[in-house]
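K.L.:
With the input below, show me the fold.
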Amino acid sequence: MNRATPRLRALAALPFALALAVHLLLFARWRDELPDELATHFSLGDGGQPDGWTGATAYALISTGLLLGLAAGWTAFVRRGVLWAAWATAGFAGGLLVQLLRANRVDEFEVQVFSPGMDLGVALAAAAVSGAVGWVLTSLVPAEAPAARPDPADDPRLPLGAGEAAGWSRDTGSRTLTALAVLALVAAPVVLLLAPWPGALLGLLGLVIGVPGLALARVRVTVDRHGLTVRSALVPRPRVRVPLDGVAGASVREIDAVADFGGWGYRVRAHRTGVVLRSGEALVVRRDSGREFAVTVPDARTAAALLNALAERHGKV
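P.N.:
Here you go, the predicted structure:
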């Protein structure tokens, strides 16, 4: 079981601490030049003119909460291979907040006009530089060791005659993931239209999370002569297929969604991928490439036994 080490968690939290420190220091330094009501939402179609405002104290609390929330999420779920992404996220969020302060500095009681293209470009540049720093710092974290290989002799097998056809299919889902996906999709347009900038960008995040989250909140797992297929129970795509030619063996394992895969949904980790809807029993397929694919599903032992029998008859196991 690969868990984030204290060093990795500290390195994931560090860029957000730096971004928060820089933002609050600039807020304090420019406080006399900032209005009591900061422009926090801007019209993209009207030359960047402000059309929404937030009190200075509320703005400081909201921006601090945003950075702390992002830090908590990355610290909880970070893995070595995506440390750079934590740094890039901190650089982007911090860059946007600093640009927002800059746009609000008062010159003879006139608020400067927000320049969406330039300010987003600065934030993206900050994200790129920060991501590069995070990538370099990855070398300070020991690489994750691959999971111990189970003995293939212990894999379950279903007695299957040479001319006998068999198949197995099971729907499984997550009510929690469904509720979160629906909430994200409902909140996305509201946040995009009403939230102050740059908080409105969270509306886009809601779409990014909600659409695939809803598609994968309920899946159909099938084992048949084609191999293993996992697809959304709502739509034909997304779909993951492991053909019999690629099956080196199948087993059953108890997994922890957070500790083993860093969360729920379609997950990618070192040496393994998975469709994870909950913690508990999972069908784990060892592939010829050496990687593993896991899917949490009830009655996983029957699925593994049939997949091993079909692969053995196919000449693979």
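
K.L.:
mind listing the strands for the stretch 151-300 of the chain?
P.N.:
Here the stretch 151-300 of the chain has its strands, by DSSP state E, counting those that start in this stretch, at 168-173, 218-224, 227-232, 239-243, 247-255, 265-269, 272-276, 280-287, 292-296.

K.L.:
Make TSV out of these and add distance to Val182.
P.N.:
For glycine as for every other residue, the C-beta is placed from the backbone atoms N, C-alpha and C. Below are the strands of the stretch 151-300 of the chain laid out as TSV (distance: least, Cβ to Cβ, whole Å):
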stretch	distance to Val182
strand 168-173	13
strand 218-224	12
strand 227-232	15
strand 239-243	22
strand 247-255	25
strand 265-269	14
strand 272-276	19
strand 280-287	23
strand 292-296	20
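
K.L.:
How about Leu101: what's its closest non-neighbour residue?
P.N.:
Nearest in space to Leu101, with sequence neighbours left out and distances taken as Cβ to Cβ, 6 or more residues apart in numbering, is Leu26 at 5.7 Å.

K.L.:
swap that for Glu312, sorry
P.N.:
Using Cβ to Cβ, 6+ apart, the closest residue to Glu312 is Arg157 (7.0 Å).

K.L.:
neighbours around the one you found, how many?
P.N.:
16 (other Cβ atoms under 10 Å).

K.L.:
can you check Gly163 too?
P.N.:
Neighbours around Gly163, by other Cβ under 10 Å: 5.

K.L.:
State the distance from it to Arg313.
P.N.:
According to Cβ to Cβ, to the nearest Å, Gly163 and Arg313 sit 10 Å apart.

K.L.:
Equivalent analysis for Arg157, please.
P.N.:
11 Å.

K.L.:
Give me the contact list for the top helix by length along the chain.
P.N.:
Taking DSSP state H as the criterion, the chain has its longest helix at helix 6-29. The contact list for helix 6-29, computed with Cβ atoms under 8 Å, 6 or more residues apart in numbering, reads 4, 34, 60, 63-64, 67-68, 70-71, 74-75, 78-80, 83, 86-87, 89-91, 93-94, 97-98, 101, 130, 133-134, 137, 140-141.
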